[in-house]
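# build me a structure from this.
(chains A, B, C and D)
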2 protein chains.
Amino acid sequence: MDQPTIRNKEKSKQRLLDAVGKLLKSKGFTGLKVNDIAATAGLDKKLIYKYFGGTDQLIDEYIQAQDFWSNVDYREGSEADGGLSFTKEMFHAQFDYVYKNKAFQKLILWGLSEQRKSLKQLTDAQEANGELLIEKVIEPHFGSKTRQFRAISAILIAGLYHLNLFANVNGSVFCGIDIKNKTDREEIKKAISFLLEQTYKAL
Amino acid sequence: MDQPTIRNKEKSKQRLLDAVGKLLKSKGFTGLKVNDIAATAGLDKKLIYKYFGGTDQLIDEYIQAQDFWSNVDYREGSEADGGLSFTKEMFHAQFDYVYKNKAFQKLILWGLSEQRKSLKQLTDAQEANGELLIEKVIEPHFGSKTRQFRAISAILIAGLYHLNLFANVNGSVFCGIDIKNKTDREEIKKAISFLLEQTYKAL
DNA sequence: TTAAAAAGTCACCCAAAGGTGACCATAAAA
DNA sequence: TTTTATGGTCACCTTTGGGTGACTTTTTAA
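Coordinates of the predicted model:
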């Protein structure tokens, strides 16, 4: 029978993975200690070694299970206005997504703080995803000016990342804008729209 | 006599403060352990407790000794063209400054990772400095649109922060732009100029 | 129903890290 | 030159965290 039993390896593994996520969100990557993970999962730490080989492997498995980029999809008609409205929408969505997804924030922060293969893979996946946008939407419209568009979007994406990371500490006011305030966030979105519009108009 | 002697409290304090800076640059804030600080300074850790009260106070004193914003100065004529060229130059300078100043990068990262009063003070000082620019240059030119300019510059500043933080890990390619490559950095600067110009033209 | 395999627990070890009392050494004052 | 204050060292304790061998309990298959 494969009916779930009290003792269940797969379920325990999942609980350990969940514990990693929970601790990551609440304490950041510096809070990922074996003892704490086991305690959070309500299991003995020995199981971490038995099932994953160690904390590192457990954490890597957690990271690899995350799929932050599946939310981006290219509907037909994305290229309508040279991709302006599509790109705008995508940047806005990304802004909100990062704001809400604390685990993602912590992983970004971790990636800025330490070298780790599985985190590198995460940013690589992000790069690959970005290339798709460039290739399918930007390049056809901007042609030889694609490179300049890259630089601009690098600033914009990096900017909305940083603002969201910043939001969760220190009072969250950046350049006089309160990143946690709803109307201020709208102002940021308007700024993104404005900058993209100008780029499409004048680049 | 106050001629420096072999045994010198002030000099030892300074060595400990320097050790903090050195470790911060090389290992980040997670590398700031009492034993390592003392070893780096070539002194006994007991002195950290004697002279500063503990690692936390030592670190705070290090942070408070930093003055990252003295480089910004308002020369006469900053308002010439509504502040466009001044602002451009300032953002460019900031981009390069953050790139070069590893200690600053690590402190920014630290501020994104943990709550700490002395780090909050650092960002407050930064905010205050930004307000000066707004008040003296932006507000006079943009008037009721100052708020929108705030949002735009928040994105730009946050963007160049993040890009520079990103530069030191993970291969440093962001949106297809290699932040460590000289010509790519020029591209970023051109993008900053372009976005500011468009803002002055069309906001 | 019993034996073996697997799930899970516990006690323990070791290393790293924080923190401190007792001591030594030197410079300046007596 | 002896005392005294203080800069500086050392040994030691404690806590925290990583890691594992030996054991118990449950499941599953013979």
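
# and residue A:157, how many residues sit next to it?
24 (other CB atoms under 10 Å in any protein chain shown). Backbone N, C-alpha and C define where each C-beta goes, glycine included.

# let me see the contact set for the residue nearest to it when sequence neighbours are not counted.
For residue A:157, ignoring the flanking residues on the chain, the nearest one in space by CB to CB, 6 or more residues apart in numbering or on different chains is residue B:175 at 6.1 Å. By CB atoms under 8 Å, 6 or more residues apart in numbering or on different chains, residue B:175 lies in contact with A:127, A:130, A:150-151, A:153-154, A:157-158.

# can you give me the pLDDT of residue B:175?
Confidence at residue B:175, expressed as pLDDT, is 97.

# with just CA atoms, put stretch A:139-152 into CSV.
Extracted C-alpha coordinates of stretch A:139-152, given in CSV (Å, rounded to 0.1, in the frame of the first residue of the first chain):
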residue,chain,number,x,y,z
GLU,A,139,15.5,43.0,-30.9
PRO,A,140,12.8,43.0,-33.7
HIS,A,141,11.8,46.5,-32.7
PHE,A,142,15.0,48.2,-31.6
GLY,A,143,17.4,46.4,-33.9
SER,A,144,20.9,48.0,-33.6
LYS,A,145,19.8,49.9,-30.5
THR,A,146,19.0,46.7,-28.6
ARG,A,147,22.2,47.0,-26.6
GLN,A,148,21.1,50.4,-25.3
PHE,A,149,17.8,49.0,-24.4
ARG,A,150,19.6,46.3,-22.4
ALA,A,151,21.4,48.9,-20.4
ILE,A,152,18.1,50.7,-19.7
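
# run through who's touching it.
A:79, A:82-83, A:134, A:138, A:195, A:199, A:203, B:175-177, B:184, B:187-188, B:190-191, B:194-195.

# let's see that with 7 Å instead.
A:79, A:82-83, A:134, A:138, A:199, A:203, B:175-177, B:187-188, B:190-191, B:195 (CB atoms under 7 Å, 6 or more residues apart in numbering or on different chains).

# do stretch A:61-81 as well
Contacts of stretch A:61-81 (CB under 7 Å, 6+ apart): A:17, A:20-21, A:52, A:86, A:90, A:97, A:104, A:107, A:118-119, A:122, A:125-126, A:129, A:136-137, A:140.

# got it, and stretch A:92-108?
In contact with stretch A:92-108 (CB under 7 Å, 6+ apart) are residues A:21, A:24-25, A:28-29, A:63, A:68, A:71, A:119, A:122, A:160-161, A:164-165, A:167-168, A:188-189, A:192.

# buried among the contacts of stretch A:61-81? Make that a ChimeraX selection.
Buried subset of the contacts of stretch A:61-81, written as a ChimeraX selection, criterion 16 or more other CB atoms under 10 Å in any protein chain shown:
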select /A:17,20,21,52,86,90,104,107,118,119,122,126,137
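
# thinking again about what came up before, which among the contacts of stretch A:92-108 count as buried?
Members of the contacts of stretch A:92-108 classed as buried by 16+ other CB under 10 Å are A:21, A:24, A:28-29, A:63, A:68, A:119, A:122, A:160-161, A:164-165, A:167-168, A:188-189, A:192.

# quick one: which of the residues you listed sit in helices?
A:21, A:24, A:63, A:119, A:122, A:160-161, A:164-165, A:167, A:188-189, A:192 (DSSP state H).

# and of these, the nearest to residue A:113?
residue A:119 (9.5 Å; CB to CB).

# gap between the closest one and residue A:24?
Distance, residue A:119 to residue A:24, by CB to CB, to the nearest Å: 12 Å.

# distance to residue B:146, pLDDT and secondary structure added to the contacts of residue B:175, as TSV?
As requested, the contacts of residue B:175 are arranged in TSV below (distance: CB to CB, whole Å; pLDDT from 0 to 100; DSSP: H, G, I helix; E, B strand; the rest coil):
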residue	distance to residue B:146	pLDDT	secondary structure
A:127	36	94	helix
A:130	32	93	helix
A:150	30	98	helix
A:151	26	98	helix
A:153	26	98	helix
A:154	26	98	helix
A:157	25	98	helix
A:158	24	98	helix
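
# CA atoms only for stretch A:177-186, dumped as PDB, please.
The C-alpha trace of stretch A:177-186 is given here as PDB (Å, rounded to 0.1, in the frame of the first residue of the first chain):
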ATOM      1  CA  ILE A 177       9.500  57.500  -1.700                       C
ATOM      2  CA  ASP A 178       8.000  55.000   0.900                       C
ATOM      3  CA  ILE A 179       8.300  51.700  -0.900                       C
ATOM      4  CA  LYS A 180       5.700  50.100   1.400                       C
ATOM      5  CA  ASN A 181       3.200  52.800   0.800                       C
ATOM      6  CA  LYS A 182       0.600  51.900  -1.800                       C
ATOM      7  CA  THR A 183       0.300  55.300  -3.500                       C
ATOM      8  CA  ASP A 184       4.100  55.600  -3.500                       C
ATOM      9  CA  ARG A 185       4.400  52.200  -5.200                       C
ATOM     10  CA  GLU A 186       2.000  53.500  -7.800                       C
END
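
# that one and chain B, are they touching?
Yes - judged by CB under 7 Å from any CB of the partner chain, stretch A:177-186 comes into contact with chain B at residue A:177.

# buried ones in that stretch?
Within stretch A:177-186, the residues that count as buried by 16+ other CB under 10 Å are A:177, A:179, A:184-185.

# contacts for it?
Against stretch A:177-186 from outside (CB under 7 Å, 6+ apart): A:163-164, A:166-167, A:172, A:187-188, B:150-151, B:154.

# can you rerun that using 6 Å?
If you take CB atoms under 6 Å, 6 or more residues apart in numbering or on different chains as the criterion, stretch A:177-186 is touched by A:163, A:167, A:172, B:150-151, B:154.
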